[in-house]
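Enquirer: Let me see the structure of the following:
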Amino acid sequence: MRRSAARVAHLAALGIVALPTLIYVGALLFDPGRALVLWERGHVNLEQALPLALSLTAYAVLAMALWLRLPDAPTHAQRAAALTLACIGGAVLQTAALRVVETYPLRAIFLRQYSDFTGGYFTVGVRVDDLAQWLGRFAAEMESYNVHAERHPPGLPMLFWALRVIIGLFPNLAAQLTPTLRPLACFDLRPGELDDVQIAAGALGAVLESALAWLVPVVLFLFLRLAADERAAVLAALLYPLIPGALQWVSQWNRSFGLFGLVALILIERLVRGRHAEPQALALAALTGLTLSAAVWLSFGNAPQVMMAGLYALVRAVQTGDFARWNTWIKRLVAAGLAFAAPWLTAAGLTHFDPIATYRNAMQVHLALQRDYWPFVVWHAWDLFTFAGVPLSAIALLFTWRRAPALTAAWVVTLAAQCVLHVARGETGRVWMYFAPVIVGLAAWWLRAQPYPQAVGIAGLLIAQSFVHIALLRVISYGVDPLAAPVPTLPRDLIPVEVRFEPNGEVRLLGFRLTQTSFAPGESGLLELFWRHDGEGMLSPARKVFVHITEALEDKVRIAEHDAHPANWTLPTSCWLPGQLVYDPHPFTIDAHAPPGEYWVLVGLYDERTGERAFVHTAQVARYSAVALPVKISVR
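Expert: Here you go, the predicted model:
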């Protein structure tokens with residue numbers, strides 16, 4: 001009777017976990033309205049997605065076979081085998097996940113890391129010549145940085161500065177790497193201005209990002225080994241590579257931010273468990289504060305990890321009865337607080353860095369993002385759950401309160417506070433990735449005590465969700481690998497112009513196509529340009545294309561305009577390969593108050609940093625480095 005009741009309870013728990021997972025998978029597959037999806041949905045290429053399905057399945061089979069045979073006290077060799085499988089298997093799964101959206105996955109890692117569009121920390125960091133002076137003016141310069149760097153503290157740009165200093169010790173190595181790496185830096189938009197050491201520093205950053213990301217399951221193992229037991233720790237390390245967030249956010253440093261929270265939890269657990277002499281206890285508290293300070297130095301988005309660590313320490317101290325020595329804990333809290341503040345105060349004192357202005361400027365930009373409050377109170381958490389694995393999130397939210405009350409309360413209360421405060425403003429699947437190791441750890445802690453079929457069933461649900469999630473959702477957009485860019489064909493109705501730009505005529509405008517030439521005010525149209533790179537090397541800097549519809553060649557009164565990097569922002573000129581043909585569409589809308597008449601169509605290239613236009617080498621009609629196309633638009 002008791003065994004039957006237990007079986008029913010296990011099946012009920014599995015059903016509770018399976019329900020949201022299957023609803024989400026069904027929504028991904030069959031709901032075109034994206035009711036449960038925040039991200040852009042892509043088309044599945046079975047040839048590219050099949051390796052991911054096979055890799056996820058093969059890894060899960062190996063991982064579960066290893067774990068099911070693991071004794072309660074595994075040997076060093078068994079632990080090493082499990083952690084090696086998690087790290088190497090994670091790297092393989094990461095490559096398979098990249099293959100879904102990238103023709104050349106390894107190239108994509110570097111293209112993303114150099115990119116001005118997906119990070120920008122490299123762009124800022126490698127151009128820092130004097131660190132002290134740069135920190136002193138950082139707050140004032142933030143608005144000039146790109147979308148990510150302008151909202152974060154200086155930690156990540158400083159990381160690339162440090163990598164440049166390190167690689168500068170090996171100039172010959174940098175020179176040997178540069179011919180291969182420089183084309184991969186094309187999305188930096190100024191690759192020709194980068195020296196060999198700067199280029200190599202970016203590559204080192206790309207390698208470091210992935211290495212740190214796959215160090216997370218190792219540190220997760222170390223924490224759970226201390227807080228729970230060996231088998232739970234091994235299971236957590238083996239499950240972590242299966243979650244979507246660990247595989248999809250390649251090149252995003254958020255994947256490794258969970259390391260700081262895990263290290264802080266390890267230090268707190270040691271502080272609570274051990275009977276340390278007071279100097280040792282204060283040293284552990286200070287290390288905890290310093291660890292969390294480093295996390296916030298890299299991203300203000302890591303600040304909630306301070307709350308999570310504090311809640312964990314509070315509940316664990318109450319659990320162990322150690323909180324009765326409240327005066328001792330106040331000393332430890334002061335030690336942690338002073339250690340947390342030390343890097344910020346030191347930087348302020350030595351370099352005139354202004355941490356308050358930096359935080360204020362970052363949050364002003366971030367909080368300017370408009371998002372409806374109540375829908376996103378739910379959406380923020382749901383977005384995190386989907387990237388941390390819906391089945392694992394359900395377990396960590398519902399079933400671990402008795403087994404691990406401190407860790408469960410710490411992450412749930414912190415998450416709830418972030419949702420209610422509404423500081424995330426949209427995207428959280430990446431920004432809150434530091435919750436993912438905690439979620440995986442709690443799920444493994446609970447599964448450790450369940451029958452083996454339960455763990456296998458949860459692993460199966462996680463594989464299904466991860467595969468569909470990764471195969472369908474597109475979460476990083478930096479452009480198109482030039483080697484994989486579609487090759488356009490010149491249409492029969494192309495209007496040829498044969499115009500060359502740049503001093504040596506490296507960029508050729510072959511012709512254009514216009515959807516129509518007669519418009520009513522407020523009506524939209526499309527100008528399609530066809531370019532070719534006629535030079536021999538890389539173009540630098542990247543040029544934006546401008547299309548101006550204006551009443552005179554002086555270009556003073558415009559009734560429509562469109563500026564963009566070529567090919568819908570996906571293929572900047574710095575990425576064009578010699579001989580490459582580029583299709584470049586430019587939509588435009590006629591001003592609603594445009595008076596009737598005929599208007600010129602002007603086209604040109606310019607450097608968006610300086611506003612300087614590219615030299616027009618040859619043209620039928622050229623004024624102010626702009627080309628007048630041999631057609632006019634009329635407004636009725």
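Enquirer: How is this protein divided into domains?
Expert: The chain breaks down into these domains under automatic domain parsing: 2-100+215-258+307-319+372-474, 111-209, 485-635.
Enquirer: how about JSON lines for those, with distance to Leu298, mean pLDDT and mean neighbour count added?
Expert: (Glycine included, C-beta is placed from N, CA and C.) Formatted as JSON lines, the domains of the chain follow (distance: least, CB to CB, whole Å; pLDDT from 0 to 100; neighbours: other CB atoms under 10 Å):
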{"stretch": "domain 2-100+215-258+307-319+372-474", "distance to Leu298": "7", "mean pLDDT": "93", "mean neighbour count": "19"}
{"stretch": "domain 111-209", "distance to Leu298": "4", "mean pLDDT": "94", "mean neighbour count": "20"}
{"stretch": "domain 485-635", "distance to Leu298": "26", "mean pLDDT": "93", "mean neighbour count": "17"}
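Enquirer: For His276, find the nearest of these.
Expert: domain 2-100+215-258+307-319+372-474 (13.7 Å; CB to CB).
Enquirer: sorry, back to before: which one of the domains of the chain lies nearest to Thr346?
Expert: Closest among these, once you apply CB to CB, is domain 111-209, at 10.7 Å.
Enquirer: can you put the domains of the chain in JSON lines and add distance to Ala285?
Expert: Output for the domains of the chain, formatted as JSON lines (distance: least, CB to CB, whole Å):
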{"stretch": "domain 2-100+215-258+307-319+372-474", "distance to Ala285": "9"}
{"stretch": "domain 111-209", "distance to Ala285": "22"}
{"stretch": "domain 485-635", "distance to Ala285": "46"}
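Enquirer: closest one to Ala286 among those domains?
Expert: Of all the domains of the chain, domain 2-100+215-258+307-319+372-474 comes closest under CB to CB, at 13.5 Å.
Enquirer: how near is Leu52 to Thr118?
Expert: Distance, Leu52 to Thr118, using CB to CB, to the nearest Å: 21 Å.
Enquirer: what about the strands in the stretch 501-636 of the chain?
Expert: For the stretch 501-636 of the chain, applying DSSP state E, counting those that start in this stretch gives strands covering 507-514, 518-519, 524-533, 544-550, 558-564, 581-589, 597-606, 616-618, 622-623, 626-635.
Enquirer: try the stretch 1-150 of the chain
Expert: 40-41.
Enquirer: for this protein, longest helix please?
Expert: helix 2-30 (DSSP state H).
Enquirer: ok, back up a step: right, so of the strands of the stretch 501-636 of the chain, which gets closest to Pro488?
Expert: That would be strand 581-589 among the strands of the stretch 501-636 of the chain, by CB to CB, at 3.8 Å.
Enquirer: who does the closest one pair up with?
Expert: Its sheet considered, strand 581-589 pairs with strand 524-533 (antiparallel) by DSSP bridges.
Enquirer: Alpha carbons of the strand it pairs with, as PDB, please.
Expert: The C-alpha coordinates for strand 524-533 follow below in PDB (Å, rounded to 0.1, in the frame of the first residue of the first chain):
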ATOM      1  CA  SER A 524       6.100  53.500 -48.700                       C
ATOM      2  CA  GLY A 525       8.500  52.100 -51.200                       C
ATOM      3  CA  LEU A 526      11.600  50.000 -51.600                       C
ATOM      4  CA  LEU A 527      14.900  50.900 -53.200                       C
ATOM      5  CA  GLU A 528      17.100  47.800 -53.900                       C
ATOM      6  CA  LEU A 529      20.800  48.400 -54.400                       C
ATOM      7  CA  PHE A 530      23.300  45.900 -55.700                       C
ATOM      8  CA  TRP A 531      27.000  46.400 -54.700                       C
ATOM      9  CA  ARG A 532      30.200  44.600 -55.400                       C
ATOM     10  CA  HIS A 533      33.600  44.700 -53.600                       C
END
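Enquirer: re earlier: quick one: closest of the strands of the stretch 501-636 of the chain to Ala335.
Expert: strand 544-550 (52.1 Å).
Enquirer: so can I have a markdown table of the strands of the stretch 501-636 of the chain showing distance to Ala81?
Expert: Output for the strands of the stretch 501-636 of the chain, formatted as a markdown table (distance: least, CB to CB, whole Å):
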| stretch | distance to Ala81 |
| --- | --- |
| strand 507-514 | 55 |
| strand 518-519 | 68 |
| strand 524-533 | 50 |
| strand 544-550 | 52 |
| strand 558-564 | 51 |
| strand 581-589 | 49 |
| strand 597-606 | 56 |
| strand 616-618 | 63 |
| strand 622-623 | 68 |
| strand 626-635 | 64 |
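Enquirer: Could you work out which of the ones you listed reaches nearest to Leu311?
Expert: Nearest to Leu311 among the strands of the stretch 501-636 of the chain is strand 558-564 (46.4 Å), distances taken as CB to CB.
Enquirer: Export only the CA atoms of that closest one, formatted as CSV.
Expert: Below are the C-alpha coordinates for strand 558-564, written out as CSV (Å, rounded to 0.1, in the frame of the first residue of the first chain):
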residue,chain,number,x,y,z
ARG,A,558,14.3,65.7,-47.7
ILE,A,559,10.9,64.0,-47.9
ALA,A,560,12.3,60.5,-47.1
GLU,A,561,15.5,58.9,-46.0
HIS,A,562,17.0,55.6,-44.8
ASP,A,563,20.4,55.0,-43.3
ALA,A,564,21.7,51.5,-42.5
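Enquirer: That one packs against which elements?
Expert: In this structure, strand 558-564 packs against strand 544-550, strand 581-589, with contacts taken as 3 or more CB pairs under 8 Å, 6 or more residues apart in numbering; DSSP states H and E.
Enquirer: Put together a markdown table for these, with distance to Asp481 on each row.
Expert: As requested, the helices and strands packed on strand 558-564 are exported to a markdown table (distance: least, CB to CB, whole Å):
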| stretch | distance to Asp481 |
| --- | --- |
| strand 544-550 | 20 |
| strand 581-589 | 14 |
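Enquirer: Show me the one of those that comes nearest Ala27.
Expert: strand 581-589 (30.7 Å).
Enquirer: Now Ala471: phi and psi?
Expert: phi -70, psi -30 (degrees, to the nearest 10).
Enquirer: so it makes contact with Val100?
Expert: Yes. Using CB atoms under 8 Å, Ala471 is in contact with Val100, at 5.7 Å.
Enquirer: Quick check: neighbours shared by the two?
Expert: Residues touching both Ala471 and Val100 (CB atoms under 8 Å, 6 or more residues apart in numbering) are 49, 52.
Enquirer: Tell me where the stretch 351-500 of the chain has strands.
Expert: Ranges of strands within the stretch 351-500 of the chain are 473-474, 495-501, based on DSSP E, counting those that start in this stretch.
Enquirer: Quick one: list the elements packing against the longest one.
Expert: Other helices and strands packing on strand 495-501, by 3+ CB pairs under 8 Å, 6+ apart, are strand 507-514, strand 616-618, strand 626-635.
Enquirer: in its sheet, what does it sit against?
Expert: strand 507-514 (antiparallel), strand 616-618 (antiparallel).
Enquirer: Quick check: closest non-adjacent residue to the residue nearest the centre of the chain.
Expert: Geometric centre of the chain, nearest residue: Gln252, 3.5 Å, by CA atoms, centre = their mean. Among residues not flanking Gln252 along the chain, Arg430 sits closest, at 5.7 Å (CB to CB, 6 or more residues apart in numbering).
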